[in-house]
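Participant: Next come a sequence and a model predicted from it.
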There are 2 protein chains.
Amino acid sequence: MDTPLYQRLADHYRRAIRTGALAPAERMPSVRTLVRTHRVSLSTALQACRQLEDDGLIEARPRSGYFVRPLHRKAMLPASEPDPGRPLDPARYVGIHDRVSDFIAQCERHVTSVNLALAAASPAHYPAEALKQAMIRAVRAKPLMLVDRVPPLGHPELRGVLARRALELGMNLAPDEILVTHGCIEAVNLALRAVARPGDTIAVESPVYFGLLQILESLGMRALEIPTSPLQGLSVDALELALRTHPHLRAVVVVPNFQNPLGCVMPDAEKARLAALCERHQVALIEDDTYGMLCDDDRLRPAVKSWDHTGNVIHCASMHKTLAPGMRLGWMTAGRWQSRVAMLKFAQSRHNEPLAQVAVADYMGSKAYDRHLSRLRRQVKIQREQVAEAVARHFPPGTRLSMPEGGMLLWVELPGQRSSAQVFEQALAQGIRIAPGTMFSNSDRYNHFLRLSCGQTYTPQIADALRTLGSIVANAG
Amino acid sequence: MDTPLYQRLADHYRRAIRTGALAPAERMPSVRTLVRTHRVSLSTALQACRQLEDDGLIEARPRSGYFVRPLHRKAMLPASEPDPGRPLDPARYVGIHDRVSDFIAQCERHVTSVNLALAAASPAHYPAEALKQAMIRAVRAKPLMLVDRVPPLGHPELRGVLARRALELGMNLAPDEILVTHGCIEAVNLALRAVARPGDTIAVESPVYFGLLQILESLGMRALEIPTSPLQGLSVDALELALRTHPHLRAVVVVPNFQNPLGCVMPDAEKARLAALCERHQVALIEDDTYGMLCDDDRLRPAVKSWDHTGNVIHCASMHKTLAPGMRLGWMTAGRWQSRVAMLKFAQSRHNEPLAQVAVADYMGSKAYDRHLSRLRRQVKIQREQVAEAVARHFPPGTRLSMPEGGMLLWVELPGQRSSAQVFEQALAQGIRIAPGTMFSNSDRYNHFLRLSCGQTYTPQIADALRTLGSIVANAG
């Protein structure tokens, strides 16, 4: 007996889902599209969809149609929570530079075909054409910007747009309270230099973005790593304890939204507690909100700064991940340290050149920017599901993974204390670059973790690389 | 009896020279132009010129025609040489920030109509149109630069052009030895951070660019001011003495060519001695060559780096004064500290965005750049003569001034220990901004000096301002 038509249609899409051609979280073609594409009746198309739904492969969402369900990913356990009883390691401040240099040197010895170590989205996900037009408009309108004095603190147009956009994150800032910087990295440098001195100890998340450890090492400051949950972010309880045992803690640096590498978001109540705790102890709170705009659901997570009533929070952010990786623009608002930070910015690199600022202000002030953000969020969400699904399929049983609700990173916990350094080396030999967990702490605590980027378009090459990576992990010691 | 025609023609130009319409060092209209413009005979035109020459107002230069001679300027004495027997002040490291902040705050309380405090040329002296076209070409050719990863160390095209241009300054550098920075200021910051630590003492020129004192203060380093001659630059003898009495001196920062504020150039022999001395004492030598390209005579002064055989000299430079004040590009080559500097640059602000680099490389690689430099040098030279001439005319007797052979600054020594702080305040009340000598040292040694910019087009407004300034100085206590 022939397979019924609806069955054959369902099989067709079942294969597409199994191979990853249709990825988790992606939308199924609509029933109407199925009718048109496959020249079948409406009832056949509907029957095929219900069949896939019954098989657990797709799910209906009200008023949006069918979406591909994650297959294996949901079976994975989330990454382990930190042990609350674990004592803090003594504050460290050297070593990370050597690790990162070693990492880069090793990478340079191999041809990389797939780079999963990069915390950035594919260039195709950013509005290059519109930014190009904005640059051309800006330089045509005011060519003298190229040869005239640079406006202090940043261009007024950009500071105005940033102040308006900050409202969405719960911050009420005057444009004059905003300082434009060379990326968030410069902002964090200035913040640390404003509130602390060489030899001081700074509390950071654990695991922590290795770039922050490099900054601390380069400034001669010590990092005290505070346990951080893959779900809830920095443990405010652990920080409170640390403030009691380390009375000379000078500042706390936190990435409250879609933390790097965990992807976690601090709940509002914890953000409020954190702001109040730092204020009470007169310890500066430096917030790095690089990833905040990259939420899956268009629901922006508030900045910790929005709970700041005394100027104790320094908010740092960037257009680097969300809009233009090649333009290196960031900004900060430094509360009670604003004039100190402005002086340090002037002494360190003078103020930013205006042209890029005017072009970005033009774009960020338009509706096109909101449309771009929606597209980027949707795209990165789909890619995250795709990478997670590949990890779930190809990595050995016992691999754990918490699924972030935004950002472009996945923090993968390998089973059986496998060494990510070993995985890193073997992957590199096959042209695949990953960020081993050893880079995210001054201790050796995260040796059995690795960070994967999901910012890039999910190509068959990436799918292959993740399969290869899975077997490397499976065979690792 | 009627005045002879040649006499009337001579009078016409005599007035033009007296009023400044024809400025010192400017070319007289050629004899042929005089014939055409005034419809006189060749012999009348020649007679008029000879008359002016006899009066000492113009001078003939072989194969170039007649040029306007300085009138009063040459009668002024050069600025005083430092006293070789004077003991060094103890190394200082605080205070300049307050002075500069106070200066800025005072400036902001007044409307400025003429700004003679600015070490920059008028926007009209820079090739805005050509740079605009280069920017548009670059962004059209590679719009993905705006959204793609930033190349490490700087864009290869720019580093290639800079390496070729460095040959003219006596430096033989591979493009890989060049690091692109956010202006020379960032380069000097990175150099100091690479070779010294907070608390360390750094030898600097005296008087010294206040921006360097701010950098040292912001880094927690101490400045030891070394006597510097208005004619010969840093006293290598005094430095040698300082190295004996201050064994913990960590580095020397020098502006060997057209120093700010003095305008002096170190003779080649002194540059060679300086490089050898620092090498022998294992003290890093940081060279800031911001003004080096702005020589009057198209004869480039070699960099101290060209006498460096062991990587002990860090050379820092900028396109800020010579090409594009609004683009904030600089570069450095750090000898034996190159990898340390690259790490610090990465940790401090990541690498520079590529678009501006590609556009500037395009322009700097062309003949148009050489033509621009020649124009700028000629223009600034004429303006320097104009400002100097106005000082000579309007400032009280006893005013001293050394005439630099390049750069855009004049360092004026007021007679009778008049206070430049007082002159600064009174000038500001009349809308004129100058840089008082107090900003160029952590001591009070230069209170009776002031720095005037001659970068701007010499307008009647500037001429008036200099006249007003002269009477303020004459009446100052």
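Facilitator: Received it, and whenever you're ready, just let me know what you need. Residues are numbered from 1 along each chain as shown, chains lettered A, B, ... in the order given.
Participant: how about the strands in the stretch 151-300 of chain A?
Facilitator: Using DSSP state E, counting those that start in this stretch, the strands of the stretch 151-300 of chain A run over A:179-181, A:201-206, A:222-229, A:233-234, A:249-254, A:284-288.
Participant: Mind putting those into JSON lines with distance to chain B?
Facilitator: Glycine gets a C-beta too; all of them are placed from N, C-alpha and C. Putting the strands of the stretch 151-300 of chain A into JSON lines (distance: least, CB to the nearest CB, whole Å) gives the following:
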{"stretch": "strand A:179-181", "distance to chain B": "8"}
{"stretch": "strand A:201-206", "distance to chain B": "14"}
{"stretch": "strand A:222-229", "distance to chain B": "14"}
{"stretch": "strand A:233-234", "distance to chain B": "22"}
{"stretch": "strand A:249-254", "distance to chain B": "14"}
{"stretch": "strand A:284-288", "distance to chain B": "14"}
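Participant: how about the ones you listed in TSV, adding mean neighbour count and mean pLDDT?
Facilitator: Below are the strands of the stretch 151-300 of chain A laid out as TSV (neighbours: other CB atoms under 10 Å in any protein chain shown; pLDDT from 0 to 100):
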stretch	mean neighbour count	mean pLDDT
strand A:179-181	28	98
strand A:201-206	26	96
strand A:222-229	23	94
strand A:233-234	26	97
strand A:249-254	24	97
strand A:284-288	28	98
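Participant: For residue B:371, find the nearest of those.
Facilitator: strand A:179-181 (34.0 Å; CB to CB).
Participant: residue closest to the middle of chain A?
Facilitator: residue A:407 (3.6 Å; CA atoms, centre = their mean).
Participant: For the nearest residue to it once chain neighbours are set aside, give its distance to chain B.
Facilitator: If the residues on either side of it in the chain are set aside, residue A:407 comes closest to residue A:258, at 3.2 Å by CB to CB, 6 or more residues apart in numbering or on different chains. Taken as CB to the nearest CB, to the nearest Å, the spacing of residue A:258 relative to chain B amounts to 20 Å.
Participant: Same question for residue A:8.
Facilitator: 43 Å.
Participant: Just the buried residues of stretch A:306-318, please?
Facilitator: For stretch A:306-318, the neighbour count (16 or more other CB atoms under 10 Å in any protein chain shown) marks A:306, A:307, A:308, A:311, A:312, A:313, A:314, A:315, A:316, A:317, A:318 as buried.
Participant: How about stretch A:183-201?
Facilitator: Applying 16+ other CB under 10 Å to stretch A:183-201 flags A:183-196, A:200-201 as buried.
Participant: Now, these that are in helices?
Facilitator: Among the buried residues of stretch A:183-201, DSSP state H puts A:183-195 in helices.
Participant: of all the residues you listed, which comes closest to chain B?
Facilitator: Of all these, residue A:186 has the smallest distance to chain B: 4.3 Å, by CB to the nearest CB.
Participant: what's near enough to touch the closest one?
Facilitator: A:330, A:345, A:348, A:349, B:348, B:349, B:350 (CB atoms under 8 Å, 6 or more residues apart in numbering or on different chains).
Participant: before we move on, the earlier item: could you dump the strands of the stretch 151-300 of chain A into CSV and include distance to residue A:268?
Facilitator: Shown next, in CSV, are the strands of the stretch 151-300 of chain A (distance: least, CB to CB, whole Å):
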stretch, distance to residue A:268
strand A:179-181, 27
strand A:201-206, 18
strand A:222-229, 15
strand A:233-234, 11
strand A:249-254, 14
strand A:284-288, 14
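Participant: neighbour-wise, which of the contacts of residue A:186 leads?
Facilitator: residue A:345 (28 neighbours; other CB atoms under 10 Å in any protein chain shown).
Participant: Surely it and residue A:189 touch.
Facilitator: No: using CB atoms under 8 Å, residue A:345 makes no contact with residue A:189, being 9.5 Å away.
Participant: Straight-line length of stretch A:72-91, end to end?
Facilitator: End-to-end distance for stretch A:72-91: 40 Å, by CA to CA, to the nearest Å.
Participant: Please, which helix or strand holds residue A:12?
Facilitator: Element membership for residue A:12, per DSSP states H and E: helix A:5-19.
Participant: Helix or strand next in line after that helix, which one?
Facilitator: helix A:31-38.
Participant: Outside of that next one itself, list whatever touches it.
Facilitator: Contacts for helix A:31-38 (CB under 8 Å, 6+ apart): A:9, A:29, A:40, A:41, A:42, A:45, A:46, A:48, A:49, A:65.
Participant: Grab the nearest non-local neighbour of the fifth one.
Facilitator: When you say that, I think you mean residue A:42. Residue A:42 sits nearest to residue A:35 (CB to CB, 6+ apart), 5.6 Å away.
Participant: Poorly predicted segments of the stretch 51-200 of chain A, please.
Facilitator: Applying pLDDT under 70 to the stretch 51-200 of chain A flags residues A:93-95.
Participant: What residues does it have near chain B?
Facilitator: Within reach of chain B by CB under 8 Å from any CB of the partner chain, the stretch 51-200 of chain A has these residues: A:97, A:101, A:118, A:120, A:123, A:126-129, A:131-132, A:135-136, A:139-140, A:143-150, A:181-183, A:185-186, A:189, A:193, A:197-198.
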